[in-house]
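**Q** After the sequence you'll find the predicted model.
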Amino acid sequence: MKIRIFVTLKNGVLDPQGKAIHHSLEGLGFSGINDVRSGRLIEMDVDDNVSDNDIDAMCRKLLANMVIENYHIEKVSEGADT
């Protein structure tokens, strides 16, 4: 089973990388961008016997810093773009 884990900073946490991207886009002449928040995507291929609770525990213990980050788990259907 393929899963995607999206990790983002919690609201209110400063995002210097997002600010840098925002500034760079404006420098390239793009306008109308109000805010940019940066995050990361983790893709995993796991056995079908790996439970949702196990995946959640992976996120809480290693993949996301629960003090400053949120995460969202998405199961990818077969044939979806990777």
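**A** Okay, I see it. A quick note: this is a predicted structure, and the numbers were derived from the prediction, not measured. Numbers count the residues shown, from 1 in each chain.

**Q** any low-confidence regions in this structure?
**A** Per-residue confidence of the chain (counting by pLDDT under 70) places the weak regions at 79-82.

**Q** what are the ranges of the strands in it?
**A** 2-9, 39-45, 69-76 (DSSP state E).

**Q** Counting by contacts, list what the first one packs against.
**A** So that's strand 2-9. On a contact count with 3 or more C-beta pairs under 8 Å, 6 or more residues apart in numbering; DSSP states H and E, strand 2-9 meets strand 39-45, strand 69-76. The way it works is simple: take the backbone N, C-alpha and C, and place the C-beta from them, glycine included.

**Q** Ranking those by mean neighbour count, which comes first?
**A** Across the helices and strands packed on strand 2-9, the average number of neighbours (mean count of other C-beta atoms under 10 Å) peaks for strand 69-76, which reaches a mean of 15.

**Q** Residues contacting it, please?
**A** Surrounding strand 69-76, the residues in contact under the criterion C-beta atoms under 8 Å, 6 or more residues apart in numbering are 1-10, 13, 43, 52, 55-56, 59, 63-64, 82.

**Q** Ignoring the adjacent residues along the chain, who's closest to residue 25?
**A** residue 33 (5.6 Å; C-beta to C-beta, 6 or more residues apart in numbering).

**Q** buried set for stretch 7-19?
**A** 7-9, 15, 18 (16 or more other C-beta atoms under 10 Å).

**Q** Present the residues you listed as JSON lines; the columns should include distance to residue 29.
**A** As requested, the buried residues of stretch 7-19 are arranged in JSON lines below (distance: C-beta to C-beta, whole Å):
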{"residue": "7", "distance to residue 29": "30"}
{"residue": "8", "distance to residue 29": "27"}
{"residue": "9", "distance to residue 29": "27"}
{"residue": "15", "distance to residue 29": "22"}
{"residue": "18", "distance to residue 29": "19"}
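
**Q** Please name the bridge partners of the closest residue to residue 64 other than its chain neighbours.
**A** Spatial nearest neighbour of residue 64, excluding adjacent residues (C-beta to C-beta, 6+ apart): residue 71 at 4.3 Å. Taking DSSP bridges, one obtains residue 7 as the residues bridged to residue 71.
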